[in-house]
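S.K.: based on what follows, work out the 3D shape:
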Amino acid sequence: MQNTVNFDNKIIYTRYADKIFDKRFNSPNILRRYVHRTQYFSIVKQIQPHEVVIDIGCGEGVLSCLLAQKGIKVVGVDISEPNIKAAKELAIRMGVSDKVDFFIGDAENVPFPDNSFDVALSCHVLEHLPDFKKGLREVYRLTKNKAIVALPTVFNLCSIIQVGHGCYFNKTPRSLLALFIGLFKLIVNLNKEGVNEGYAGNPNLIHIFRYPWIMKRQLLEVGFKIEHFEASSLCLPFFSTLLPLGILLDKFKNKPILRNFGYGSIAVLSKK
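M.R.: Numbers count the residues shown, from 1 in each chain. Have a look, this model is predicted:
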């Protein structure tokens, strides 16, 4: 059974400003900051300096600019005008405006020809689209061969807390309750794509934490071959004092079994 996004909700994203750089990448909370930086840097290491990349749903350009710092030529596309404005400003601040171009564009209808890029990248974007499969087909269409898709997945304890509407990076009574609520949702939604969290405090905005096997199946269905699959992070919730253990676990986040327990999953793909 597939959850779908109301097409009217897409209008919300045209005006939505992510603030990812401040609230996640540079979060004052060490655990939150680590989780998101680990995800970004895991993607960056999969791309070579000679490759030309399209970042589909680039938000305010954090990942695009990190790639550009590596010397990679990047085109970033996002439906949000505030995000694109912020992305251009970030590129100037990070000294990479000559390596990255940003455009307003719809991830379901990206205005570039087939096979335009060495790498098509989509990081935690497709789950927001009215038509997930259409967005995934755009990723397939735009790349010559290589793609990277990162999605939220549900088996990590931090993910479970989040779908239970708690905060994984701060221990509160609500977060402890959210762990049990999230576990319940994980079980009762096993016949679906995953567990819907909602997004930005809006329950009407579908934001699905997928089951890893569903993510893999959907990637294969569109025509991709999975070359590499790993957890974005095997992070542990609540306690920053446990972060060294999380860092140790992340050394094994691409190993069988463990790679399915990430706070998000990263797939490196090729066309069959």
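S.K.: ok, residues contacting stretch 211-220?
M.R.: Contacts to stretch 211-220, defined as CB atoms under 8 Å, 6 or more residues apart in numbering, come from residues 132-133, 136, 149, 151, 153-155, 190, 193-194, 226, 229, 259-260, 265, 267, 269. Using the backbone N, CA and C atoms, a C-beta is placed for each residue, glycine as well.
S.K.: let's see which of those residues end up in helices.
M.R.: 132, 133, 136 (DSSP state H).
S.K.: count the neighbours of the first one for me.
M.R.: To tie it back to what came earlier, the one meant is residue 132. 22 (other CB atoms under 10 Å).
S.K.: wait, it touches residue 138, no?
M.R.: No - contact criterion CB atoms under 8 Å: residue 132 and residue 138 do not qualify, at 10.9 Å.
S.K.: and the gap between the residue lying farthest from the centre of the chain and residue 93?
M.R.: Relative to the centre of the chain, and counting by CA atoms, centre = their mean, the farthest-placed residue is residue 173 at 27.6 Å. For residue 173, the distance to residue 93 equals 39 Å [CB to CB, to the nearest Å].
S.K.: same question for residue 116.
M.R.: Taking CB to CB as the measure, residue 116 and residue 93 are separated by 28 Å.
S.K.: and the two? Which one has more around it.
M.R.: Comparing residue 116 with residue 93 by other CB under 10 Å, the one with more neighbours is residue 116, at 15 against 11.
S.K.: how about the more buried one: what's its closest non-neighbour residue?
M.R.: Excluding the flanking residues, the one nearest residue 116 by CB to CB, 6 or more residues apart in numbering is residue 142, at 5.7 Å.
S.K.: and that neighbour, what does it touch?
M.R.: When contacts are counted by CB under 8 Å, 6+ apart, residue 142 is found next to 54, 56, 110, 112, 114, 115, 116, 117, 120.
S.K.: what about the residues you listed, which one has the most neighbours?
M.R.: residue 56 (28 neighbours).
S.K.: and the closest residue to it other than its chain neighbours, which helix or strand is it part of?
M.R.: Using CB to CB, 6+ apart and skipping the chain neighbours, the partner closest in space to residue 56 is residue 122 (4.6 Å). Under the criterion of DSSP states H and E, residue 122 resides in strand 117-123.
S.K.: any idea how far that strand is from the chain center?
M.R.: Relative to the centre of its chain, strand 117-123 is centred 13 Å away, using CA atoms, centre = their mean, to the nearest Å.
S.K.: likewise for stretch 260-271?
M.R.: 10 Å.
S.K.: buried stuff in that stretch?
M.R.: Judged by neighbour count (16 or more other CB atoms under 10 Å), stretch 260-271 contains these buried residues: 260, 261, 262, 263, 264, 265, 266, 267, 268, 269.
S.K.: again, but for stretch 94-101
M.R.: 94, 96, 97, 99, 100, 101.
S.K.: by mean pLDDT, flag the weakest helix or strand of the protein.
M.R.: Within the chain, judged by mean pLDDT, DSSP states H and E, the helix or strand with the poorest mean is helix 10-15; its value is a mean of 82.
S.K.: quick one: residue 43 is in a helix?
M.R.: Yes - counting by DSSP: H, G, I helix; E, B strand; the rest coil, residue 43 is part of a helix.
S.K.: was I right about it contacting residue 124?
M.R.: No - with contacts defined as CB under 8 Å, residue 43 does not count as touching residue 124, sitting 10.4 Å away.
S.K.: overlap in contacts, these two.
M.R.: residue 150.
S.K.: what does the pLDDT read for the spatially closest residue to residue 239 that is not a sequence neighbour?
M.R.: Leaving aside its chain neighbours, residue 239 sits nearest to residue 171 (7.0 Å; criterion: CB to CB, 6+ apart). For residue 171, the model assigns a pLDDT of 83.
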